[in-house]
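sequence unavailable; structure follows:
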């Protein structure tokens, strides 16, 4: 059932697009690197894999990051931006302490089912921007994250949907920031329109990353 105040729209892509989405299991390019313990340690702030809480593996041409969930039990912040990841591995959801996950600029065509997201209930910051995500219905699986406060889906086919922002802000009730803009009251109250600095997407609603970092994992 749709949340109160949410306009019912066709949130699935055409059949051809859904068939294309099934290609999300495709392998990365031949030049893709294999994630090893050595790579993890060298990007984990000097800590060994078992104790690391933060790891930045951005722009390493990684296609398979499944070793993360097998080698690192304490990760809270994982940055995988700018790689060649076409599918989130099940082992990634063994990181039950996860607070922030950045998968922007990859090759994701879909997100895992809600049952997987339920394994990381503390996740509050999720970046999925610049991915070929197509289905709003698929993205709705993120409702399983009760503390999701910041979500980035800009520069994806999903964000081009005419009812995208209205659907997302009224589906994920814990959200505070969507695509770098704080969620305005008139986006949550049907039929009400505010002006000036309280309006949706007003310049003053844009979140400065430095300020957000002081409030939550950026």
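Looks like it arrived, so ask away. All values derive from a computational prediction rather than experimental measurement.

per-residue pLDDT, the residue lying closest to residue 65 once chain neighbours are set aside?
Nearest non-adjacent residue to residue 65, counting by C-beta to C-beta, 6 or more residues apart in numbering: residue 35, 5.5 Å away. For glycine as for every other residue, the C-beta is placed from the backbone atoms N, C-alpha and C. pLDDT for residue 35: 89.

start at 842 instead
Sure, I'll start counting at 842 from here, so that last one is residue 876.

for residue 876, what are its contacts?
By C-beta atoms under 8 Å, 6 or more residues apart in numbering, the residues touching residue 876 are 898, 903, 905-909.

tell me the two of those residues that are most distant?
Among those, the pair separated by the greatest distance (C-beta to C-beta) is 898 and 907, at 12.6 Å.

neighbour count: these two, which is higher?
Legend: neighbour count by other C-beta atoms under 10 Å for residue 898 and residue 907, higher for residue 898 (22 against 15).

quick one: that one and residue 924 touch, right?
Yes - Residue 898 sits in contact with residue 924 when judged by C-beta atoms under 8 Å, with a separation of 7.2 Å.

shared neighbours, those two?
Each of residue 906 lies in contact with both residue 898 and residue 924 under the rule C-beta under 8 Å, 6+ apart.

and the strands in the chain?
Ranges of strands in the chain, per DSSP state E, are 874-875, 895-897, 903-905, 918-920, 941-943, 966-968, 991-993, 1018-1019, 1022-1023.

next, format those strands as TSV and append distance to residue 1007.
Listed next are the strands of the chain as TSV, based on distance: least, C-beta to C-beta, whole Å:
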stretch	distance to residue 1007
strand 874-875	40
strand 895-897	34
strand 903-905	35
strand 918-920	30
strand 941-943	25
strand 966-968	19
strand 991-993	14
strand 1018-1019	11
strand 1022-1023	13
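
burial measure for residue 945, as a count.
23.

got any ranges where the protein has weak pLDDT?
Low-confidence segments of the chain, defined by pLDDT under 70: 842-873, 887, 1027-1059.

try 80 this time
Within the chain, the segments meeting pLDDT under 80 span 842-874, 886-887, 1026-1059.

which one is residue 995 nearest to, not counting chain neighbours?
Per C-beta to C-beta, 6+ apart, closest to residue 995 is residue 1020, 4.1 Å.

how much space between that neighbour and residue 892?
34 Å (C-beta to C-beta, to the nearest Å).

quick one, which of the two is more surrounded?
A direct count of neighbours by other C-beta under 10 Å for residue 1020 and residue 892 places residue 1020 higher, at 20 against 11.
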